[in-house]
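Q: next one to model:
(chains A, B, C and D, ligands or ions: 4)
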Amino acid sequence: MRMAVVSEQSAPARRGKIAVWWLIASEVMIFGGALSCYILARTAGPGWSAEAAHLSAILATINTFVLLTSSMTMAMAFAAYQKADQRGVCRFLLCTILLGLAFLGIKAYEYISHIADGLAPWSGSFWSFYYLLTGLHALHVIAGIIVNIILLLAAGKGLHTGYRIEIAGLYWHFVDIVWIFLFPLLYLSY
Amino acid sequence: MFLNWLPENVSIHGAEIDSIFHLIYYITLAWFIVTVGALIVFALLFRRRDGQRAAYITGDRLPHAAWLLIPTALVLMLDLWIDFRGGDAWARVKLHAPPSELQIQVTGKQFNWEILYPGPDGRFGTPDDLQIDNELHVAVNRVVGLTLKSKDVIHSLYLPNLRLQQNVIPGREFHAWFQATKPGVFEIPCLELCGFGHSGMVGHLIVHTAEEYDKWVKEQWPAPSSPLKESDQP
Amino acid sequence: MTADRAHPNYVAIWVWLVILMLTGVLATLLPLEKSAVIGLIFAVAAVKAVLVALNYMHLKSENWLIYALAIVPVLLVVAMTLVLFPDIVYRH
Amino acid sequence: MGEGTVASPVKPPQGIRPTMSHRARVDPIRLPVARTAHEDRSFWRTYIFSTDHKTIAKQYLFLALFMALLGGYLVYVMRWQLAFPDTSIPGFGFVGPETYNALTTNHGTIMVFFVAMPILLGAFGNFLIPLMIGARDMAFPRLNMLSFWILFASSLVIMSSFFVPGGAAAAGWTGYAPLSARTEYTGVNWGINLWLLAHALEFASFLMGGVNFLTTAITMRAPGMTFFRLPLLVWQQMTASVIFLLSVGPLIAGAVMLLMDRLLGTSFFVPEQGGDPLLWQHLFWFFGHPEVYVLLMPGLGAVLEVLAVFSRKSIFGYRWIIYSTISVGFLSLIVWAHHMFISGMDPRLAMPFSITTILISVPIALIVFSMILTLWKGSIRFTPPMLWALGFIVMFILGGLTGIVLGSAPVNIQVHGTYFVVAHFHTVLLSVVIFGSFTGIYFWFPKMFGRMMNVPLSNLHFLLTLIFFNLTFFPMHAVGLAGMPRRITNPLQYEFLQPVQSLNVYITLSALGLTLAQFLFLINFVWSIVAGRKAEDNPWESATLEWTAPSPPPHGNWGDTIPTVYRGPYEYSPPGVREDFLPQDLAPSARSD
Ligand code: HEA
Ligand code: HEA
Ligand code: CUA
Ligand SMILES: [Cu+2]
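A: Ligands and ions are numbered 1, 2, ... in the order given. As a prediction, the model looks like this:
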């Protein structure tokens, strides 16, 4: 005899959250692996500080500020969703996207000026790692922006799938945390 | 016996490695016989018979679980035994090299072993250095120190009869040592894939008797002085 | 998991983050020894990361599984780095 | 934090512990009933771009089969060359050293990443996890479909690498830098780039797959299906996914770095400008070692299921196996440097890694003992799956024990890089990939295709495989002890190998036999899909949930209701009950219990 049961399926919010945490765990290993290589190589090879001095700590500080702020607006988008405030959701998502784009803009400016100075990925170990780490990170920012745009479009039509804002937020904050470590590792420690 | 396939050991430290090999061999052979034996016996004893039901044993209760845990504890003890024996031998081969009586530099490159002898003055970088490709001449019963380098990719210096192997990596320098106990000619295959010429990258180790070695030295460095100033007892 | 649970004050956290960020930047200007400065700026970074994780990522109100998912990989990476130190950094 | 949608908690049926904590909620958007309604789907949505986990599992299976034929063809050429060097090989022609290295590299890569992974995780994991936990599908069905198609793209990439100028990758499946980092060392240019691209796609595919498996197993279990009522296979698939997710990251970073070395001229792994070749080895093995346990776990899982069913006995020490599995998973992350004892890494690191390596035999020994003890006082039926399972145990013990030889650092000095290693890993890998896979395929075939396989043909396949397997790989140990190096093209170039050349010939002939024996399977497989005897829902009288669904299960797996779980997965021959097994979903009645 079998018993009738309504559903075994858990809420998609919970599923999504667990999935994205697994994703973050593996991303920690990806970035962790790259950072670990950088730390090891930098401790082993002297003379990197002079190279690091070419970077602009001011631009990076601005960029850090931008990303931190975008994390806040992302969190606030979710808070707005919890209050069923559709306009708030759209507004904060838009802010997050714009801040993300601003971050990429500043990053692109940095890249261009370095390359104009002849500091390309193949100009020595420091630069190889600089482009590797910031490049990987920038790719994640781009992915996050795409996700946020999708959510923004969906939120414009209504909030049925608004729980995804929290899930996307987890990813966005993770990318922020990566930057929190890249900032001192690349720009401040010389 | 299975281990007879190993090439003859002609080094001082090889016997210890071989004895650990034997230890592991007997331990694992015993376990193989016990486990596979039990498997076959159980499979035959308990094959399906009409009207006979299987027993209900979950193995969760301690008296049952003991059948699982006691052998496992035994495995743990044997493992530790293998580890302790291994630690000593490893330290002897790779960590505590005795002072060398002959120092030779071996450089791997695609696809040759460049062997550099310091010459009579015993030092590298002097004009009497001599490079011979793929021929490593040493004297029996002397401690030979090798400085290992690579010019391009990773190679691996393998001396099966001496129980010696070491990768060489470009940009780094390694040290290895051995003391051969028997004269003869042995091959030195390269054991790390290093490109299309990896297969066939072979050198030769020539272990001379003391007299032969002196003769060889005289031939290579016709000058009066001997390369073994400090220590020339056989 | 309930919607009515009070969430952290996101703006206050942000203010803290910005203050910490400036602390980190200013620390590089301090007339301290290099290792002390480095220690300081990474301590600041760690605090910032923890703030983001706990508040923005709601780690504060999660169960053990999510905590494990956040912490285990970090420990693993740290362990890996430490194990590789003798090999890569102190090579002769 | 809030779910947004208003939800009411499910009341678990009386007397059952709720599946998850109180957090379980009904999903108003995807009520199960909605999923079972007959959807009229086009051919494309049903067979090609299907989101049904069972169809996807079959796709993985067919891909693996195809790639196995390819990997087998490559090894046929290699073995022929080793036995009769520099003769023209039937069906190929002459093999130069460059070609040989490309063959080895791609044989290893294809067999591990495109045969073993797709079948053991892709096919078994996808097919069985939802069915065994009582879910209607994976947590993210569309992501699941995407995983397969990314893997498919990846396999196209690796196959296309044979046709680019310069040929396919030839730096070994381990791709050691700097050989792999600069074109001039191998002469292979695009081959290695494509090889790296294939890896990137493969990793992306199995990362998504792993996230999906774990989320499914954590959040989608049927009512009453507690963690300690899960079949062991699910546990082992979960452990495999976890260690995959945790170990692959550094290698992904490393692969990006290697690709940058090749394309942008950076020097992460090239020493001239401060790079470090050893770093690549660490990154590779940090993943490469756990990877072999990723393969082992699902194999063990399949064997355990089969053992319980055909000895009509509960698995001996179910919980101990779970704990052991988790310990193996954990230990596997800290043993990687046993591949690098003589690589030139700091020699002080060797002993710690040697100790952890050998210690991993403790939890694995426990699992092996438990398998053997499961037979004790059983009522054993020698059906085809059971034969493969028993064969698995024997071969795995043999291969595992030679792992101990390799794991001892001083002994490793002698045998590293020789055919002894090749013999070790083929014995373990093939016990998993051949014996483990066939255990699973012969066992779940009725559920997958709704038909039975031909038994005499299966038994013949087993017998020939077992015999030729040992004839092939056992002598390889001897060849390895004699010192034959791996990855050489022509053993006759070495004088000290002359005495073992006859063994090499003999190994090659046996390998041919082994390969030919697999065609018995192919015939049986295809013939049974088309014309096999119709299978009942539960032909093996198994207690786990997948057998409560129809054979083959429809989209959505169960009719209107999903099963509710009342007990553990291995209730065979319980006392006081007339039946000799209690299905997990059979409600306890007043009479029994
Ligand atoms: C499924 C795959 C698989 C599995 C399960 C294993 C299992 C093990 N492997 Fe293997 N291994 C490979 C696949 C696998 N390996 C591959 C592919 C390579 C080569 C890669 C390359 O270089 O290309 C390799 C290489 C490899 C090396 C490196 C060799 C070298 O290059 O020098 C080492 C060294 O330690 C090793 C050790 C072990 C050990 C200790 C185990 C253990 O897990 C085994 C444990 C099992 C048992 C021990 C048997 C059961 C136990 C008992 C019956 C109890 C009694 C036991 C004792 C008292 C010890 N393996
Ligand atoms: C799972 C992995 C796997 C499998 C199945 C095999 C199968 C075989 N392998 Fe291989 N092998 C490797 C993994 C594998 N190998 C790896 C990783 C290397 C190292 C590469 C390197 O050095 O870089 C290697 C290297 C290697 C060498 C060393 C080459 C060298 O160093 O020069 C040799 C030599 O004899 C060899 C032989 C064989 C033989 C005779 C078989 C035969 O058993 C083949 C016969 C079998 C079949 C043709 C069919 C197989 C069927 C299945 C797998 C089941 C599929 C089932 C379904 C999908 C239903 N292999
Ligand atoms: Cu040099 Cu292989
Ligand atoms: Cu390993």
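
Q: partner strands of the helix or strand that contains B:Lys149, with direction?
A: Assigned by DSSP states H and E, B:Lys149 belongs to strand B:143-150. In the sheet, strand B:143-150 lines up against strand B:102-109 (parallel), strand B:174-179 (antiparallel) (DSSP bridges).

Q: check which helix or strand covers residue 50.
A: In the absence of a named chain, this looks at chain A. helix A:48-52.

Q: wrong chain, I was asking about chain C
A: helix C:34-51.

Q: do that helix and chain A meet?
A: Yes - against chain A, helix C:34-51 shows contacts by C-beta under 8 Å from any C-beta of the partner chain at C:Val37, C:Ile38, C:Ile41, C:Phe42, C:Val44, C:Ala45, C:Lys48, C:Ala49. All C-beta atoms are positioned from the backbone trio N, CA, C, and that covers glycine.

Q: thinking again about what came up before, and the helix holding A:Ala50, anywhere near chain D?
A: No - judged by C-beta under 8 Å from any C-beta, helix A:48-52 and chain D are separated, with a smallest distance of 9.3 Å.

Q: and the nearest residue to D:Thr356 once chain neighbours are set aside, how many neighbours does it have?
A: Nearest residue to D:Thr356, sequence neighbours excluded (C-beta to C-beta, 6 or more residues apart in numbering or on different chains): D:Val335, at 4.7 Å. By the criterion of other C-beta atoms under 10 Å in any protein chain shown, D:Val335 has 22 neighbours.

Q: in this structure D:Val335 contacts D:Ser361, no?
A: No - checked against C-beta atoms under 8 Å, the pair D:Val335 and D:Ser361 is beyond contact range at 10.9 Å.

Q: residue ranges with poor pLDDT in chain A?
A: Counting by pLDDT under 70, chain A has low-confidence residues at A:1-10, A:190.

Q: and the closest residue to D:Ile110 other than its chain neighbours, helix, strand or coil?
A: Leaving aside its sequence neighbours, D:Ile110 sits nearest to D:Gly71 (C-beta to C-beta, 6+ apart; 4.3 Å). What DSSP: H, G, I helix; E, B strand; the rest coil gives for D:Gly71 is helix.

Q: how near is D:Gly71 to D:Leu509?
A: D:Gly71 sits at a distance of 19 Å from D:Leu509 (criterion: C-beta to C-beta, to the nearest Å).

Q: looking at this, B:Phe196 is in a strand?
A: No - applying three-state DSSP, one finds B:Phe196 to be coil, outside a strand.

Q: and residue 46, how many residues sit next to it?
A: Using chain A. 8.

Q: can you look at chain C instead?
A: Neighbours around C:Ala46, by other C-beta under 10 Å: 13.

Q: on the pLDDT front, check it for me.
A: We have a pLDDT of 94 for C:Ala46.

Q: ok, it to D:Ile322 distance?
A: For C:Ala46, the distance to D:Ile322 - C-beta to C-beta - is 35 Å.

Q: quick one on the thing from earlier: dump the strands paired with strand B:143-150 into JSON lines; add mean pLDDT as well.
A: Formatted as JSON lines, the strands paired with strand B:143-150 follow (pLDDT from 0 to 100):
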{"stretch": "strand B:102-109", "mean pLDDT": "94"}
{"stretch": "strand B:174-179", "mean pLDDT": "93"}
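
Q: for chain B, which spans come out with low pLDDT?
A: Using pLDDT under 70, chain B drops low at B:1, B:223-234.

Q: circling back: tell me how far the helix holding A:Ala50 lies from the chain's centre.
A: Offset of helix A:48-52 from its chain centre (C-alpha atoms, centre = their mean, to the nearest Å): 25 Å.

Q: how about that helix and chain C, touching?
A: No - Helix A:48-52 lies out of reach of chain C by C-beta under 8 Å from any C-beta, never closer than 9.1 Å.

Q: give the next helix or strand downstream of that helix.
A: helix A:57-82.

Q: elements contacting the strand or helix carrying B:Asp83?
A: Assigned by DSSP H and E, B:Asp83 belongs to helix B:62-90. Using 3 or more C-beta pairs under 8 Å, 6 or more residues apart in numbering or on different chains; DSSP states H and E, the elements in contact with helix B:62-90 are helix B:14-45, helix D:318-332, helix D:350-359, helix D:361-375, helix D:409-415.

Q: try it again at 7 Å.
A: Judged by 3 or more C-beta pairs under 7 Å, 6 or more residues apart in numbering or on different chains; DSSP states H and E, the packing partners of helix B:62-90 are helix B:14-45, helix D:350-359, helix D:361-375, helix D:409-415.

Q: buried set for the first one?
A: Judged by neighbour count using 16 or more other C-beta atoms under 10 Å in any protein chain shown, the buried positions of helix B:14-45 are B:14, B:16-18, B:20-21, B:23-25, B:27-28, B:31, B:35-36, B:39, B:42-43.

Q: how about that helix, does it reach ligand 1?
A: Yes - judged by C-beta under 6 Å from any ligand atom, helix B:14-45 comes into contact with ligand 1 at B:Ile27, B:Trp31, B:Thr35.

Q: in TSV: those residues, plus distance to chain C.
A: Putting these into TSV (distance: C-beta to the nearest C-beta, whole Å) gives the following:
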residue	distance to chain C
B:Ile27	28
B:Trp31	30
B:Thr35	33
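
Q: wait, which of the residues you listed is closest to ligand 1?
A: Closest approach between the residues of helix B:14-45 next to ligand 1 and ligand 1, by C-beta to the nearest ligand atom: B:Trp31, at 3.8 Å.

Q: list the residues that contact the residue lying closest to that closest one once chain neighbours are set aside.
A: Excluding the flanking residues, the one nearest B:Trp31 by C-beta to C-beta, 6+ apart is D:Leu401, at 6.6 Å. D:Leu401 makes contacts with B:Thr28, B:Trp31, B:Phe32, as judged by C-beta atoms under 7 Å, 6 or more residues apart in numbering or on different chains.
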